[in-house]
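A.B. asks: what's the 3D shape of this:
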Amino acid sequence: MTFIVLFLFFISGPFLLSGEKTILRTTDGCEISAHINIKDKTYPTLFEVHGLGSSKEEWDKFNNRLEKEKLNYVSLDLRGHGESKKCGDRTIKDYKELTKTDLINFLKDIDAVYKSISQKIPAKNIIPIGASIGSNAVMEYFYKKSLKIVLMSSGINYGGFEPAELFKKTKAKILFTVSETDVYSFNSTRVFVQICEKSKKKYKLILSQNGHGVRIFDNENGDEYIKEIIDWIKN
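C.D. replies: Below is the predicted model:
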């Protein structure tokens, strides 16, 4: 009973506590685990979407820095990942069991979390950041909603998400991160950058030594890449 009361207070009342973990339900009945750390609703809030086969914990190193910089963050486990394994009567024991429909329905997972937090904080302060398939998914979901979007190791096509045309339509500023050794993402990002240039969209590109998605934070210049992302977000 105590848990239910606290949970209802959290989703309906103001953000008085940081570091809350909660479960949100999608329109198709999946239970999505999210970690919500919002200390001040006037600060930018990073909306984090992980890569395939990973979880919200992949952002831990990045989030440690965000806390020092007084930035909020929200991270979620997409269906079939981390603690998000229940979808109605179905249990997804491993992400490899995901169907093509499941992958596209990552958008429903993002939607459930976004609708919850956007009732509490200004939508303009929510800045999505996605890694690998997560970057394609956030571009698909946020290209009309956000002023800034961070895309780490995007691809021409991940799981049915093909964002190329969206760069022509969005009004958001885009930050790309990619490593030259990550051939598919590197070539994909080159295409996206060309589209942005032709469409006169504002963008920035961070080239790392190596690594895919958040793994760029693990190389020797990882802290510098985190600082570049944070500086871009703040400015």
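
A.B. asks: for the residue nearest to Phe161 when sequence neighbours are not counted, give its distance to Leu71.
C.D. replies: Closest residue to Phe161 apart from its sequence neighbours, by C-beta to C-beta, 6 or more residues apart in numbering: Asn136 at 3.6 Å. (C-beta placed from N, C-alpha, C; glycine too.) In this view, Asn136 and Leu71 are 24 Å apart by C-beta to C-beta, to the nearest Å.

A.B. asks: which strands and helices sit next to the strand or helix carrying the residue nearest to Phe161?
C.D. replies: Asn136 is part of helix 133-142 when elements are defined by DSSP states H and E. Judged by 3 or more C-beta pairs under 8 Å, 6 or more residues apart in numbering; DSSP states H and E, the packing partners of helix 133-142 are strand 45-49, helix 106-117, strand 126-131, strand 148-152, helix 166-169.

A.B. asks: closest one to Ile36 among these?
C.D. replies: Nearest to Ile36, of all those, is helix 106-117, at 6.6 Å by C-beta to C-beta.

A.B. asks: which positions within that closest one qualify as buried?
C.D. replies: Using 16 or more other C-beta atoms under 10 Å as the test for burial, helix 106-117 gives 106-114, 116-117.

A.B. asks: pLDDT for the residues you listed - can I get that in CSV?
C.D. replies: What follows is the buried residues of helix 106-117, written out as CSV (pLDDT from 0 to 100):
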residue, pLDDT
Phe106, 98
Leu107, 98
Lys108, 98
Asp109, 98
Ile110, 98
Asp111, 98
Ala112, 98
Val113, 98
Tyr114, 98
Ser116, 94
Ile117, 94
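
A.B. asks: nearest to Ser75, of those?
C.D. replies: Out of the buried residues of helix 106-117, the member with the shortest distance to Ser75 (by C-beta to C-beta) is Val113, at 9.0 Å.
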